[in-house]
Structure formats: structure tokens, C-alpha cells
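K.L.:
Sequence and predicted structure, then a few things I'm wondering about:
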Amino acid sequence: MTQAMNVAIVGATGAVGVEILSCLENRNFPLKSLKLLASARSAGKQVSFRGKMLTVEELTENSFEGVDLALFSAGGDISRQFAPIAAAAGCVVVDNSSAFRQDPDVPLVVPEINPEAALNHPRNIIANPNCTTIITLMALYPLHLKFVLKTIIASSYQAVSGSGQHGITELENQVRAIADGHPFTPSVYPCQIAFNVIPQIDSFTDTGYTKEELKMLNESRKILSLPDLKVTCTCVRVPVYRSHSISAIAQFERPVSVEEARKAYDGMPGIAIKDDPATSTWPTPLDTTCQDTCLVGRIRKDLAIDNALNLWAVGDQVLKGAALNAVQIAELLVKHD
Ligand code: NAP
């Protein structure tokens, strides 16, 4: 018999939180109760769920009494402060922030890739990986199973909703201001995002790479259990509302062919091929917006690197990159834990 859970969403009013609610509803997640938590700003707000109105409550240290599972999507600072409190109250936390992803006692899970990792969570915390890393690995994992990954060279094209509701509002306001001929001052991004691209996501480290770019390296290694995997990446913000795209060159231990690569996706969950150069068929961010399935296209043999494929991956980063992946982890817990 399926065990119904008492669930809380921390950050229920945000870009990811709202999608977590939809995933719980659409996937018929077994719930005994659902608590919506956010800041004092949102306390009292009414949200519809399964035909009933739920009231958003302010997050406090006492919010987790009687809660079995807490899905956190309120940023790293809130996770660092409140996830250990929730875990100590006996609640399992699935955390969307980067706060615990490199903790050796916190599994980092993509259910299609390393589901077994979710069942060993000694700190009562499970981390949801970085959104760009999830979408990239959804496209590369079927190939890894066949050819064994050695190196990833990638550039990302990341939507503004990756910065949450503020990123969406910034792009909307700038597009409107430019159309109306009004001046504006960028506030979310370091420069204008409308009709522009910005080659910086998150802050720089002393390696010259941004934190976002190093997440691709460190998180790919942890999820795939490949400590020597080489990854180099440039992460770019683009004026797209939703869905991240990644141009990736993947080098493998074994020789590759495009035909075998295409076959590798047969029957793989969560990823599909959209690829026909003869008819200019390839995936775009609009194709995956509000869709659970990631898409891969432009699969070709790389001309510069041996045993390598060059491809284009796209996925809804609010869904598979965050809310959906978190709910899939919760479903693993319901099934096995
Ligand atoms: P967002 O749209 O800005 O939403 C933030 C949420 O956190 C809101 O519900 C907000 O509540 C709540 N919050 C803020 N301060 C709080 C406080 N002091 N106490 C309680 N709740 C508070 O952000 P988001 O894009 O959903 O991102 C949430 C998390 O998911 C972040 O860690 C982000 O890195 C991660 N993530 C996001 C994406 C994405 O595509 N957006 C993808 C992967 C991972 P109020 O409405 O009351 O302010």
C-alpha cells in the first residue's frame, strides 16, 4: 500500500514552488496533508490545490512538526538555516538549493540516473542538482551507458526564470521599456538582458569560472560517480523566459557512431530525440517549456575531438531542473524508504 505523507513546500510562492505544487497535483502524489511555507510577505495568501484553498504560512522554526517530507525552494540561505531544523524534527528534506550538494553525507540525485542514492540520506537531506547539470546529464547519460563519458565541453543558454520570479519580471519590464522608449536600470542582472546575452551566471571564483560553471563539473562527477570526469563550461544568460539549452561536446572512452548514439536513447525515460537536419528539426526552449521531457538534437560526430559527439540539449529547468526532479525524488522515497 502506498504510504501517504505530510508534506511541506518551503518557498511555495516562488517560480519553483508553484511548479512543485503542480507536479504534486498532476502526478497524484499521495498526500496526508500539505503545508505551504514562504516569507512573512506571503503569509495569508490563498492558493488553490486539488479543488481546495490552502493558506500560505510564514516559515518558522516550528513549521516542521508532524511533517514527513519538506521540499525546499527558497534559496541557499533559507536551506542552510532551516533544512537542519526540519531534518532534526524527523522530516526528510529535498533541497533545490546548492547549499548541501557537495556534502558527502547528502546524496545528489537525478532519479533517471542514480535513484539508489536517494535511499541513503544519513543527514535526512537529499539535494536536487543544479538545473543545467540535470538537463545536460539527461542528454548524456544514455550515451555514457554505451560509450563511457570522459570529457564534457559545454556552453549553456539559460532562461531568465532560472533567476526566479525576479528574472522574469526584469526581462518583461525591459522589453516593455525598450518598446515604449523609456529608460530603465538593470537590477537583477549586471547589464541589460533584453535583446542581449550575458556571459556570467552567479559570481566568479578565483579559477576564472563562475560558481554555476563549477557546479557542472562537481555535480556531474558526483551524480555519475566519475571523480575523474573532465568538464569545462561557459554558462550564459539569454533573453528566453523558460527552458535552458546546452551545446555540449562529449568525449567517450569508446569509439562512437551517430547511429549507435541515436539508438542509445531508445526506451530511456525523460529524454527524447528531436533531430532531423533534412527538415530543420531540432529542439528549442519553446518546445520543452512546461514539458517534463528533455529533448536532444543536432547529434553529430565532433570534427575536432576523437571519440566525441557534438549535440544540443534542451529542458524545462523549472520542471526537470528543479520541481519535477524534486517530486520524482519524493516519489522514490514513497516507493522505497
Ligand atoms: P523565487 O521565485 O525567487 O522564489 C523564492 C521563494 O522563497 C518564494 O516562495 C519566497 O517567498 C521564498 N522566500 C524568500 N525569502 C524567504 C524567507 N525569508 N522565508 C521563507 N521563504 C522565503 O526563486 P526560485 O527560482 O523559485 O528558486 C528557489 C530555489 O530553487 C533557489 O535555491 C534556486 O537556486 C533553486 N532553483 C531554481 C531554479 C529555477 O529555474 N528558478 C532551478 C533550479 C533550482 P515570498 O514569495 O514570500 O518572498
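P.N.:
On my side now, so go ahead. This one's a predicted model, so the numbers in the text were calculated from it and none came from an experiment.

K.L.:
Give the next helix or strand downstream of the one helix or strand Asp77 maps to.
P.N.:
Element membership for Asp77 (DSSP states H and E) is helix 76-88. Downstream of helix 76-88, the first helix or strand assigned by DSSP H and E is strand 92-95.

K.L.:
Just the element for the residue nearest to Ala127 when sequence neighbours are not counted, please.
P.N.:
Nearest in space to Ala127, with sequence neighbours left out and distances taken as CB to CB, 6 or more residues apart in numbering, is Arg101 at 4.4 Å. C-beta: built from backbone N, CA, C; applies to glycine. Using DSSP H and E, Arg101 maps to neither a helix nor a strand.

K.L.:
Check Ile134 too.
P.N.:
Ile134 belongs to helix 131-147, assigned by DSSP H and E.

K.L.:
May I see the buried residues of that helix?
P.N.:
Within helix 131-147, the residues that count as buried by 16 or more other CB atoms under 10 Å are 131-144, 147.

K.L.:
So which other helices or strands are in contact with that helix?
P.N.:
Counting contacts by 3 or more CB pairs under 8 Å, 6 or more residues apart in numbering; DSSP states H and E, helix 131-147 packs against strand 149-158, helix 211-224, strand 244-252, helix 258-264, strand 271-273, strand 294-301, strand 308-315.

K.L.:
Report the rounded mean pLDDT for that helix.
P.N.:
Mean pLDDT, computed over helix 131-147, is 98.

K.L.:
can you give me the angle that helix makes with strand 294-301?
P.N.:
50 degrees (axes from the mean of the first three to the mean of the last three CA atoms, to 10 degrees).

K.L.:
For the closest residue to the ligand within the stretch 151-300 of the chain, give me its contacts.
P.N.:
Using CB to the nearest ligand atom, Gly164 is the residue of the stretch 151-300 of the chain that sits closest to the ligand, at 2.9 Å. By CB atoms under 8 Å, 6 or more residues apart in numbering, Gly164 lies in contact with Gly14, Ala15, Val16.

K.L.:
Any chance of TSV for those residues, columns pLDDT?
P.N.:
Putting these into TSV (pLDDT from 0 to 100) gives the following:
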residue	pLDDT
Gly14	95
Ala15	94
Val16	97
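
K.L.:
Those: which ones sit near the ligand?
P.N.:
With CB under 6 Å from any ligand atom as the criterion, these include Gly14, Ala15, Val16 near the ligand.

K.L.:
Buried among the residues you listed? Make that a ChimeraX selection.
P.N.:
Command for ChimeraX, covering only those of these found buried under the criterion 16+ other CB under 10 Å:
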select :14,15,16
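
K.L.:
any low-confidence regions in the stretch 1-150 of the chain?
P.N.:
1-2 (pLDDT under 70).

K.L.:
Contact distance from the ligand - what residues of it qualify?
P.N.:
11-17, 38-39, 41-42, 59, 73-76, 78, 96-97, 131.

K.L.:
Out of those residues, which sit inside strands?
P.N.:
Of those, the ones assigned to strands by DSSP state E are Ala38.

K.L.:
Buried ones among the residues of the stretch 1-150 of the chain next to the ligand?
P.N.:
11-17, 38, 42, 59, 73-76, 78, 96-97, 131.

K.L.:
quick revisit: quick check: phi and psi on the residue nearest to Ala127?
P.N.:
phi -60, psi -30 (degrees, to the nearest 10).

K.L.:
what's around it, how many residues?
P.N.:
Using other CB atoms under 10 Å, Arg101 has 21 other residues around it.
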